[in-house]
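**Student:** Quick check, what structure comes out for this input:
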Amino acid sequence: MYNLRRFILKHHFVILFIILEVISVLLLARSQRFHRNSLVSSTNEVIGTIYKWGSDVGGYFHLGKTNEQLAEENALLRKQLSVIIDTAALAYTTVERDTVYEYIPARVVNNSINQANNFILINKGWVDGIERDMGVVSPEGIVGVVTDVSKHYASVLSLLHSKSFVGVRFKNSQQLASLRWNTNNYRYGMVEDIPTHVELHKGDTVLTSSYSFIFPEDMMVGTVEDPLAVSSDALNKAKIRFATDFATLRHVYVIKNLYKAELDSLRANFNKQ
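**Tutor:** Modelled structure (predicted):
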């Protein structure tokens, strides 16, 4: 304690200067949008580099499980490819889709699951084509949405966040609903706004809906764990089990909708009418 006191007394001008500098930077970042975005970008770079070191070490000890996941995904892709080839052999026609998606592979370098608002940090940034509001998925299901992007890293608002909101539908009934996270458990979410006439059963599949330009339609979200009837005159809810295991999340894909800007522009004009 005596040595600490002597150190502070000896260097108190330097310590005071550093404190004032930090306060000045924080005040500047809060008052100006440009400086705030620059600070976020720089912070992402520093934090991303630190977490990447730890992730590289941890990744070595998860190679077995990672290879297993990649093998399963490759098997599924090969199965889908064989169907496409068989179809092409019967008719030489092309099918035009209303949206076209590009998938950018990335690795998770930091991930929280026990907070009220959880975020994920990935090792791809704007030099890799990552932008805000891009969807993020794992081989098992959807993960979240990109919120901030720096040169080499990006932060993702996880499904495990109080402000997370995703439009979904039930595979069996095609009924649309809304997905939120308010269970405080990283394995479960809550689907709301379910009409009372819709019959749900444990194990029913929940997919992404067609009304989002962030995620492609019919991507896996999870399965119904517990249908919850609120009352006879109110919309029901359902507790679902996420397809993605956020506790073991390591490899993801960032989804780029090549026509999102055009679609957003048309939707904005439609809302003005």
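
**Student:** The chain: strands as residue ranges?
**Tutor:** With DSSP state E as the definition, the chain shows strands at residue ranges 101-111, 117-122, 135-137, 142-149, 154-161, 166-170, 176-180, 188-194, 205-208, 220-228, 236-242, 251-257.

**Student:** Tell me which strands the last one pairs with, and in which orientation.
**Tutor:** Strand 251-257 sits in its sheet next to strand 101-111 (antiparallel), strand 135-137 (antiparallel), going by DSSP bridges.

**Student:** Pick the most deeply packed of the ones you listed.
**Tutor:** By mean neighbour count, with neighbours taken as mean count of other C-beta atoms under 10 Å, strand 135-137 ranks first of the strands paired with strand 251-257 at a mean of 24. In this view, the C-beta of every residue, glycine as well, is placed from N, C-alpha and C.

**Student:** Mind listing residues that contact that one?
**Tutor:** Contacting residues not belonging to strand 135-137 are listed as 106, 120, 122, 142-146, 156, 212, 214-215, 219, 244, 252-255 [C-beta atoms under 8 Å, 6 or more residues apart in numbering].

**Student:** ditto for stretch 164-178
**Tutor:** Contacts of stretch 164-178 from elsewhere in the structure, counted by C-beta under 8 Å, 6+ apart, are 142, 144-145, 157-159, 179-181, 191-195, 198-200, 204-209, 211-212, 215, 221, 224, 238.

**Student:** can you give me the end-to-end distance of that stretch?
**Tutor:** Start-to-end span of stretch 164-178 (C-alpha to C-alpha, to the nearest Å) is 10 Å.

**Student:** Could you pull up the mean pLDDT of it?
**Tutor:** Stretch 164-178 shows an average pLDDT of 94 in the prediction.

**Student:** Please apply the same query to stretch 209-223.
**Tutor:** 88.

**Student:** what does stretch 103-118 give?
**Tutor:** Computed over stretch 103-118, the average pLDDT equals 92.

**Student:** Send me that stretch as CSV with only the CA atoms.
**Tutor:** This file holds the C-alpha atoms of stretch 103-118, laid out as CSV (Å, rounded to 0.1, in the frame of the first residue of the first chain):
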residue,chain,number,x,y,z
TYR,A,103,-22.7,-17.1,-48.3
ILE,A,104,-19.5,-15.8,-46.7
PRO,A,105,-17.8,-18.3,-44.3
ALA,A,106,-16.5,-16.9,-41.0
ARG,A,107,-15.2,-18.1,-37.7
VAL,A,108,-16.5,-17.1,-34.2
VAL,A,109,-13.7,-15.5,-32.1
ASN,A,110,-15.9,-14.5,-29.2
ASN,A,111,-19.4,-15.4,-28.1
SER,A,112,-21.5,-14.7,-25.0
ILE,A,113,-24.6,-16.8,-24.0
ASN,A,114,-25.3,-15.9,-20.3
GLN,A,115,-26.0,-12.2,-20.6
ALA,A,116,-29.4,-10.5,-21.0
ASN,A,117,-28.0,-9.1,-24.3
ASN,A,118,-25.5,-11.4,-26.1
